[in-house]
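>>> Turn this into a structure:
(chains A, B, C and D)
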Number of protein chains: 2
Amino acid sequence: MPDTTLTEAKKKPSRIQLRNRSVILEAALEVFSQHGYRGATLDQIATTAGISKPNILYYFDGKEAIHVTLLSHLMETWLDPLRQMNGDGEPLAELLGYINRKLDMARDLPRESRLFANEILQGAPRMGPHLQADLKPLFDEKCALIQEWMDAGKLAQVDPQHLIFSIWATTQHYADFDAQVAVLLDGNPAHEDAAAYLANLFTKLLSP
Amino acid sequence: MPDTTLTEAKKKPSRIQLRNRSVILEAALEVFSQHGYRGATLDQIATTAGISKPNILYYFDGKEAIHVTLLSHLMETWLDPLRQMNGDGEPLAELLGYINRKLDMARDLPRESRLFANEILQGAPRMGPHLQADLKPLFDEKCALIQEWMDAGKLAQVDPQHLIFSIWATTQHYADFDAQVAVLLDGNPAHEDAAAYLANLFTKLLSP
DNA sequence: TTTATTTTTTACCATTTGGTAAAGCTACGA
DNA sequence: TCGTAGCTTTACCAAATGGTAAAAAATAAA
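Now for the predicted structure:
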């Protein structure tokens, strides 16, 4: 017999609650992704969100709670491209599709990419459990799938783990190191050329 | 007629000065690379260095000055591997040698890699000029060299700029994202396998 | 040894930061 | 329309942070 007064009574959140929570999270994403956890301040988030600091603390239990919420939400969308890599499809096409989706995410969600990068760079102090619980199983599963493809002769034999690392590294690079890329490419957008380059790179690597 | 009283009289630094400066920079590297610029505190640096905070400010003009000094020093060693890539050698061997040196640096100098990554991630606010002045010319020069090699038929034709990006991304990944790599590889050291994987990856890409 | 110089410590300070208490305001159902 | 629950603001606070002044200690020069 569930008791809604003792268990965390999470009634349905009001319209205002829904709106303000998302406004705060949007602002927090902006600030955290730019300065990292310790470099971000509640005042910055408050100003960016257009909501007073005490009011922000009415909606979230504290700075860390905002950050954790952000990372949890992120984890879902972040792993989607990898989840979509399907065992039923044509192996090389599946992998190239995955690479393209990752590259699109780097272009469309650079703040999310940097938020993630900041957290990992600093040793994943607030995300270690998430990595173990969410990322690791998916990673292992997809490594096994890739290994199957290779054993079936559909792909050249390479280390699946390092293959995935190199896909992550090369795609996220364009979001995380954008400040450097922009200087070196004189501000020209990199996406098209990057997509072509990476398709060629991994096609040559993986063609059986 | 040089006037040592008006120009910044930089006499030869004493033994004590030399030692303490380097102790402070070593501690600062540790702290900055772990928490980023804004996340690091002078107190942390002072404790790590075993030198009182006011004494640290006797040797450096402030927090920012320490950080800038660190980044300047880093820039030199950081670009060495790329500088060593010589136009006289065998093209593929030169590139594979460069990749190996970069991977070795990721293993041997992970703090330096993270310091750099932190700075770029946050938009290179204190390093933009350095990138333009030091990195950009070297980058352009080596891109031109690689293009020559390709035009001479010594390497397969790929975009030299994105080639270098992918080399940076894949090698530095093992330092910058170590927290993630360690979880996914169950703590097993990655270096050997990574070296073999990357040699294969770029050999297949670049063999003419 | 005495003097001049460099190095280190002690005792502060102003600002920033995450966070709270409590009063005031608003919206919404009865 | 009135009361109440939900939302927002005002006015704070304690701790942390970058930084300073000046005295004390150590070192080097005479």
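
>>> I'd like to know if the helix or strand in which A:Thr47 is found reaches chain B anywhere along the stretch.
Per DSSP states H and E: A:Thr47 is located in helix A:42-49. No - figure legend: helix A:42-49 not in contact with chain B (C-beta under 8 Å from any C-beta of the partner chain); closest approach 10.7 Å. The C-beta positions use only the backbone N, C-alpha and C, and glycine is treated the same way.

>>> Quick one: mean pLDDT over the first helix or strand past that helix going along the chain.
Next in sequence after helix A:42-49, counting helices and strands by DSSP H and E, comes helix A:53-59. Taken as a whole, helix A:53-59 has an average pLDDT of 96.

>>> got the angle between the very next helix or strand once past helix A:53-59 and helix A:42-49?
Per DSSP H and E, the first helix or strand lying C-terminal to helix A:53-59 is helix A:63-83. Helix A:63-83 and helix A:42-49 are oriented at 60 degrees to each other (axes from the mean of the first three to the mean of the last three C-alpha atoms, to 10 degrees).

>>> Tell me which residues are up against helix A:63-83.
Applying C-beta atoms under 8 Å, 6 or more residues apart in numbering or on different chains, the external contacts of helix A:63-83 come out as A:24-25, A:28-29, A:32, A:37, A:40, A:42, A:45, A:56, A:60, A:98, A:101-102, A:105, A:109, A:112, A:115-116, A:119, A:126-127, A:130, A:134-135, A:138-139, A:142.

>>> same deal with stretch A:34-47?
Contacting residues not belonging to stretch A:34-47 are listed as A:24, A:27-28, A:31-32, A:52-53, A:55-57, A:63, A:66-67, A:111, A:114, A:118-119, A:121-122, A:126, B:35-39, B:118, B:121-123 [C-beta under 8 Å, 6+ apart].

>>> on that earlier part again, ok, is the helix holding A:Thr47 in contact with DNA strand C or not?
Yes - using C-beta under 7 Å from any atom of the strand, helix A:42-49 reaches DNA strand C at A:42-43.

>>> A:Ala106 versus the spatially most central residue of chain A, what's the distance?
In chain A, the centroid-proximal residue (C-alpha atoms, centre = their mean) is A:Trp78; its distance is 3.6 Å. Distance of A:Trp78 to A:Ala106, computed by C-beta to C-beta, to the nearest Å: 11 Å.

>>> and the helix holding A:Thr47, which residues are buried?
By neighbour count on 16 or more other C-beta atoms under 10 Å in any protein chain shown, the buried set for helix A:42-49 is A:42, A:44-46, A:48-49.

>>> can you check stretch A:104-115 too?
A:105-107, A:109-115.

>>> quick one: buried residues of stretch A:53-66?
Of the residues in stretch A:53-66, A:56, A:59-60, A:63, A:66 count as buried by neighbour count, 16+ other C-beta under 10 Å.

>>> Also stretch A:20-35?
Using 16+ other C-beta under 10 Å as the burial criterion, the residues of stretch A:20-35 that qualify are A:20, A:23-25, A:27-35.

>>> is DNA strand D contacted by it?
Yes - against DNA strand D, stretch A:20-35 shows contacts by C-beta under 7 Å from any atom of the strand at A:Asn20.

>>> and the angle for the longest helix seen in chain A with helix A:63-83?
In chain A, taking DSSP state H as the definition, the longest helix is helix A:15-39. Interaxial angle of helix A:15-39 relative to helix A:63-83 (the same axes, to 10 degrees): 90 degrees.

>>> what sits against A:Trp168?
Contact partners of A:Trp168, counting by C-beta under 8 Å, 6+ apart, are A:102, B:173, B:177.

>>> And those, which is closest to B:Ser207?
B:His173 (23.4 Å; C-beta to C-beta).

>>> need the contact list for A:Asn200.
The contact partners of A:Asn200, by C-beta under 8 Å, 6+ apart, come to B:158, B:205.

>>> Can you pick out the most distant pair from the buried residues of stretch A:104-115?
A:Arg107 and A:Leu115 (15.7 Å).

>>> top of the contacts of A:Trp168 by neighbour count?
B:His173 (26 neighbours; other C-beta atoms under 10 Å in any protein chain shown).

>>> what sits against the closest residue to it other than its chain neighbours?
Counting by C-beta to C-beta, 6 or more residues apart in numbering or on different chains, A:Ala169 is the residue found nearest to B:His173 once chain neighbours are left out, at 3.7 Å. Neighbouring residues of A:Ala169 by C-beta under 8 Å, 6+ apart: B:169-170, B:172-173, B:177.

>>> Beyond the lowest-mean-pLDDT helix or strand in chain A, next helix or strand please.
Among the helices and strands of chain A, helix A:128-130 carries the lowest confidence by mean pLDDT, DSSP states H and E, at a mean of 87. For helix A:128-130, the following helix or strand on the C-terminal side (DSSP H and E) is helix A:136-151.
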